[in-house]
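Asker: pasting a predicted model and its sequence here:
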Amino acid sequence: MKATAERFDGRGVLKDARRVVVKVGTHAIAKATGRPDYPALRRLVSGICALRKAGLEVVFVSSGAVAAGIEALGLKARPKDVMGVQTCAAVGQARYITEYEKLFGAEGVKIGQVLLTHADFEDRHRAQNVRRVLDGLVANGIVPIVNENDVVADEELKGQTFGDNDWLSSLISKLVKADALVLLTTVDGLLDAKGRRIPEVTSFRKALSLVKAGVKGALSKGGMDSKLKAAKNAVESGIDVVIANGRAGGTLTSLLAGRDVGTFFPAATL
């Protein structure tokens, strides 16, 4: 956890973060076909490793498995049926975890895969087990790579999904008592009506009015509204949040150095 910092220091509080949850969306690491974008993956892994070398603890939440499965199976779009999504996830998850193992391994970093569903958070005992596992991995210098377990989850039948891992990342942030949550996407942050980046947000009502609910890509199930809801959930628990461009080089190191990158959502004062 970060040292005591003045809550009115704006982005400066990010420089004091010690435990960070980094979540990347599908479109930030996949091509239009769903195939993993290897240069983007290398930049992302390099950024996470740079944070670790600077002494930060990182929990990594990665989307992309279903999209990779879509491409591998020769499909044109994300399946609408649960069985189709589960099949794509099973195929695509292997692709991503194999690539992450290579990339992190080249930096001398070990990884551990953690796949979760809603049930893991609804039951107190299971949630505590998840927290212990994540804490244990981090304590041993291992980067946990978390994803929704689409292979066995049937929440889509009930209309319950994590929203391209946005909501999942906020739950993980609260569970591990993170100092900051970084949501990486394909734009520079929350944009105003003229397409200009908004540096900081303190009113979620105003922020939500700028986006259309449910707008998403063909390969994923998230959108900016999903990220804002996840940000609100984390902020209300005292966690600073940044939505930023995951395709830009140096994003992670810049924003956690307190620089004006992405859209900053200051944690609520508790």
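Answerer: Received the coordinates, thanks.
Asker: buried stuff in the helix or strand of the chain with the lowest mean pLDDT?
Answerer: Using mean pLDDT, DSSP states H and E, the weakest-scoring helix or strand in the chain turns out to be helix 204-208, at a mean of 87. In terms of neighbour count (16 or more other C-beta atoms under 10 Å), helix 204-208 has its buried residues at 207, 208. C-beta: built from backbone N, CA, C; applies to glycine.
Asker: now stretch 76-85
Answerer: Buried residues in stretch 76-85 (16+ other C-beta under 10 Å): 78, 79, 84, 85.
Asker: need the max-distance pair from these.
Answerer: 78 and 84 (8.2 Å; C-beta to C-beta).
Asker: any low-confidence regions in the stretch 101-250 of the chain?
Answerer: 153-164, 212-222 (pLDDT under 70).
Asker: circling back: so what touches the least confident helix or strand of the chain?
Answerer: 190, 198, 201, 225, 228, 231, 232, 235 (C-beta atoms under 8 Å, 6 or more residues apart in numbering).
Asker: doesn't residue 211 make contact with the fourth one?
Answerer: Yes: shown here, residue 225 and residue 211 form a contact pair, counting by C-beta atoms under 8 Å, at 4.8 Å.
Asker: of the two, who's got more company?
Answerer: Shown here are residue 225 and residue 211; by other C-beta atoms under 10 Å, residue 225 has more neighbours (19 against 16).
Asker: so that one versus residue 88, what's the distance?
Answerer: Between residue 225 and residue 88 the computed distance is 24 Å (C-beta to C-beta, to the nearest Å).
Asker: next up, the contacts around residue 50.
Answerer: 252, 253.
Asker: quick one: name whatever helix or strand follows the one helix or strand it maps to.
Answerer: Assigned by DSSP states H and E, residue 50 belongs to helix 38-53. Sequence-wise, the next helix or strand downstream of helix 38-53 (DSSP H and E) is strand 57-62.
Asker: whatever helix or strand comes next after the least confident helix or strand of the chain packs against which elements?
Answerer: Next helix or strand after helix 204-208 toward the C-terminus (DSSP H and E): helix 224-235. Applying 3 or more C-beta pairs under 8 Å, 6 or more residues apart in numbering; DSSP states H and E, we find helix 224-235 packed against helix 166-175, strand 180-185, helix 204-208, strand 240-245, strand 263-265.
Asker: before we move on, the earlier item: figure out how far the least confident helix or strand of the chain is from the centre of its chain.
Answerer: Here helix 204-208 is found 20 Å from its chain centre; the criterion is C-alpha atoms, centre = their mean, to the nearest Å.
Asker: output it as CSV, nothing but the C-alphas.
Answerer: The C-alpha trace of helix 204-208 is given here as CSV (Å, rounded to 0.1, in the frame of the first residue of the first chain):
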residue,chain,number,x,y,z
PHE,A,204,-19.6,10.5,-12.8
ARG,A,205,-23.0,11.8,-13.7
LYS,A,206,-21.5,14.3,-16.1
ALA,A,207,-19.0,11.7,-17.4
LEU,A,208,-21.7,9.1,-18.1
